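Asker: Give me the fold of what follows.
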Amino acid sequence: MFQVICFFNYSNFAQQVELESLKSDSEIAEAVRQSGDNEKALKLFNDIILRRPKFFAPYYSRALIFISQGKFDLAIKDLTKAIQFQPDSVILYHYRGICHANLDNYELAANDFGMVIKLDPKELSGYANRASINQRYGRHDLAITDFTKAIELKPDDWIFYISRGISYLALEKTALAVADFTKTIELNPKAEMAYLYRGQIYLETDKIDLALADANKMIETEPATISGFAFRGDCYLKLEKYQSALKDYDKVIRQAPDYPGIFIQRSFLFFKLEDFEGLINESTKAIEKNPYDAMTYNNRAYGYLRLNQLPKAEADINKSLSLNPYFSLALNNRGLLRIMQNKLSLALIDIEKARKIDPNIPEIYLNRGLLFTAQKLYQKAIIEFDKAINLAPKLAIAYEKRGETFKLLKEDVKSNADFEKAKQLREKVKSL
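Answerer: Numbering: from 1, shown residues only. Okay, here's the model as predicted:
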């Protein structure tokens, strides 16, 4: 159902309706409607309309009954009829716009809210509701313009700031979005979603301490919040506090096992812990919830690769690439699969495709190193492992594989140092 974020101001319209409802039968019918006896009121309004078909007020009142019953198509017919007799009535366009929105006729709804604004440029509901329509359509520039006008008319209403912030966020204007979410919190310190939106921006821009503070504020504001614990888990995951992340994710699953994306996040956690059975299990649960996510199949494929279950890995990689043919991580994993199958020329093609799409993935250079090692080009392999480590200094497997290559070169000191570094990194991860 369309979320009405601003209702009409009735003060002026009340007088207008009163002038049209001087007849005692209209007054009686309206009183019955307001008492909640819709069935009796409908009969009365039907009778009035039969006897006085050119009075707009009965059509409006009957439309309100239809709206309360969710019969938006019937309400639209009555409101349209009323507009014929009262074409300058703002409230009729307001309610018809709401009806159109509830029937997903968003263009018609936007037109009606536009008429509200045209007839009364100071009517807040017209700007607010048209902004909501434009936001739903992805027309965020237009939404921002209307939300800004709504803020000018009512600067102390937090809902307009958070709504405008969402449109700024969609346009990647993160500084303006943060300002609006901060203003929302200033006006309403219990606005849980404002902390979440602002925190997500902080998390994506590596301001992780600020993100964690917002997550904790969500939980403080609403201790039963599921999204707060899920988001705090994401913050802990990025901070490499894996056990804390696991506790928060577990809490989410206990309370809301269908929470969107929770199993994907847990799969990333098990990836970091190099728990490949856990990675496979969580990815499988995520796939059951959403079988159309290329990332999830790729995550599970990596678990299968590390456990040397190559046929299962190949099936998942193929599925991932069928969903997204340009998915660099899946192409890179297929390159690793080809190395393990000793199909080195095919491996090189996939890895290079992945590198052209995204040259900043550490595992691409890890796989290039493995490929050169398989070709006995050990010095070239060392260079690639170095690149992987420069991009990801905590990637234990890169040190391990470089150590193995140093060993093949009989450089035991370097080899032992890399093995020790890999061991230390893994022990640290398990303790986090």
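
Asker: how is the chain carved up into domains?
Answerer: Following automatic domain parsing, one finds the domains of the chain at 189-259, 274-355, 360-432.

Asker: In TSV: these, plus mean pLDDT.
Answerer: Output for these, formatted as TSV (pLDDT from 0 to 100):
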stretch	mean pLDDT
domain 189-259	94
domain 274-355	96
domain 360-432	95
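
Asker: a markdown table for these, including distance to Asp156?
Answerer: To be clear about C-beta, it is placed using only N, CA and C from the backbone, and glycine gets the same treatment. Rendered in a markdown table, the data for those read as follows (distance: least, CB to CB, whole Å):
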| stretch | distance to Asp156 |
| --- | --- |
| domain 189-259 | 13 |
| domain 274-355 | 40 |
| domain 360-432 | 44 |
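
Asker: Relative to Leu79, which of the ones you listed is closest?
Answerer: Closest of the domains of the chain to Leu79 is domain 189-259, at 32.6 Å (criterion: CB to CB).

Asker: Relative to the whole chain's centre, how far out is that closest one?
Answerer: Distance of domain 189-259 from its chain centroid, counting by CA atoms, centre = their mean, to the nearest Å, is 14 Å.

Asker: distance between the ends of it?
Answerer: 25 Å (CA to CA, to the nearest Å).

Asker: remind me which residues of the stretch 51-200 of the chain are low pLDDT?
Answerer: By pLDDT under 70, the weakly predicted segments of the stretch 51-200 of the chain are 51, 53.

Asker: rerun at 90
Answerer: Residues of the stretch 51-200 of the chain meeting the criterion pLDDT under 90: 51-66, 68-69, 137.

Asker: And the strands in it, which stretches?
Answerer: Along the stretch 51-200 of the chain, counting by DSSP state E, counting those that start in this stretch, no stretch forms strands.

Asker: Turn the domains of the chain into TSV, columns for distance to Gly138 and mean neighbour count.
Answerer: Compiled in TSV, these are given as follows (distance: least, CB to CB, whole Å; neighbours: other CB atoms under 10 Å):
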stretch	distance to Gly138	mean neighbour count
domain 189-259	17	18
domain 274-355	21	19
domain 360-432	29	18
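
Asker: which residues does Ala422 contact?
Answerer: Ala396, Ile397, Tyr399, Glu400, Gly403 (CB atoms under 8 Å, 6 or more residues apart in numbering).

Asker: Show me these that map onto helices.
Answerer: Ala396, Ile397, Tyr399, Glu400, Gly403 (DSSP state H).

Asker: distance of the third one from Arg306?
Answerer: Right, Tyr399. Tyr399 sits at a distance of 16 Å from Arg306 (criterion: CB to CB, to the nearest Å).

Asker: The first one too?
Answerer: The gap separating Ala396 from Arg306 is 12 Å, by CB to CB.

Asker: Need the overlap of contacts for the two.
Answerer: In the contact map built from CB under 8 Å, 6+ apart, the residues linked to both Ala396 and Arg306 are Glu274.

Asker: what's the closest of the domains of the chain to Val116?
Answerer: Closest approach to Val116 among the domains of the chain is made by domain 189-259 (26.7 Å; CB to CB).

Asker: quick one: the helices in the stretch 101-250 of the chain?
Answerer: Assigned by DSSP state H, counting those that start in this stretch, the helices in the stretch 101-250 of the chain fall at 106-119, 124-137, 140-153, 158-170, 174-187, 192-204, 208-221, 226-238, 242-255.

Asker: As JSON lines, these with distance to Gly261 would be great.
Answerer: Shown next, in JSON lines, are the helices of the stretch 101-250 of the chain (distance: least, CB to CB, whole Å):
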{"stretch": "helix 106-119", "distance to Gly261": "27"}
{"stretch": "helix 124-137", "distance to Gly261": "22"}
{"stretch": "helix 140-153", "distance to Gly261": "23"}
{"stretch": "helix 158-170", "distance to Gly261": "18"}
{"stretch": "helix 174-187", "distance to Gly261": "21"}
{"stretch": "helix 192-204", "distance to Gly261": "12"}
{"stretch": "helix 208-221", "distance to Gly261": "15"}
{"stretch": "helix 226-238", "distance to Gly261": "8"}
{"stretch": "helix 242-255", "distance to Gly261": "10"}
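
Asker: The domains of the chain: which one's closest to Tyr59?
Answerer: Ranking the domains of the chain by distance to Tyr59, with CB to CB as the measure, places domain 189-259 first at 38.5 Å.

Asker: Let me know how buried Gly70 is, in neighbour terms.
Answerer: As a burial measure, the neighbour count of Gly70 was computed by other CB atoms under 10 Å and equals 11.

Asker: Next, the contact list for it, please.
Answerer: The contact partners of Gly70, by CB under 8 Å, 6+ apart, come to Asn102.

Asker: For Ile219, see how far away it is.
Answerer: As it turns out, when the distance is counted by CB to CB, Gly70 lies 36 Å from Ile219.

Asker: isn't Leu329 right up against Asn298?
Answerer: Yes - in this structure, Leu329 sits in contact with Asn298. The criterion is CB atoms under 8 Å, and the distance is 5.3 Å.
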